[in-house]
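Asks: this one's sequence-less:
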């Protein structure tokens, strides 16, 4: 079982969230890679059974490079049937994670709810929520693999 946490972070807040989600996944003995979307390779997305994507929000949308990633790179990895999760930090409106989750559902992914949105810099309590999301992702992954066996 493999999971990947891909993020685009403008101020480091979404990156902090991604790392905490990764720790949650890892705590359940699932292989995980936390990586900036700039550095992710299509084959890493293909190999992962769970993909979490995070972006900060800019003018009520996900950042343009993340939108391009979702519409080109992720869709080309044929994520249908994979587990997905969306998260992100925001300053005022926080739509990016919601838009990411919608896009994942359109691609046929099974999205973990709720979408995780954190205002500004994550507090210790927020980072625990991120870790909890990682645990939820790992548990869904393990449950799914038991069904396949």
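Replies: Everything's here; your move. From a predicted model like this one, the values you see are computed outputs, not experimental measurements.

Asks: so what's residue 66 up against?
Replies: By CB atoms under 8 Å, 6 or more residues apart in numbering, residue 66 lies in contact with 8, 37, 53, 55, 96, 100. C-beta coordinates here come from the backbone N, C-alpha and C atoms, glycine included.

Asks: Tell me which of these fall in helices.
Replies: 96, 100 (DSSP state H).

Asks: and the contacts of residue 66, which are buried?
Replies: 8, 37, 53, 55, 96, 100 (16 or more other CB atoms under 10 Å).

Asks: which one of the residues you listed is nearest residue 1?
Replies: Ranked by distance to residue 1 (CB to CB), the buried ones among the contacts of residue 66 are led by residue 53 at 18.2 Å.

Asks: residue closest to the middle of the chain?
Replies: residue 52 (1.9 Å; CA atoms, centre = their mean).

Asks: Can you tell me how far that residue is from residue 101?
Replies: Using CB to CB, to the nearest Å, residue 52 is found at 11 Å from residue 101.

Asks: Can you name the two of the contacts of residue 66 that sit furthest apart?
Replies: Based on CB to CB, the longest span within these runs between 37 and 96 and measures 12.5 Å.

Asks: thinking again about what came up before, same list (the contacts of residue 66) but as TSV, adding distance to residue 137 and pLDDT.
Replies: Output for these, formatted as TSV (distance: CB to CB, whole Å; pLDDT from 0 to 100):
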residue	distance to residue 137	pLDDT
8	19	94
37	18	92
53	12	97
55	17	95
96	18	92
100	14	96
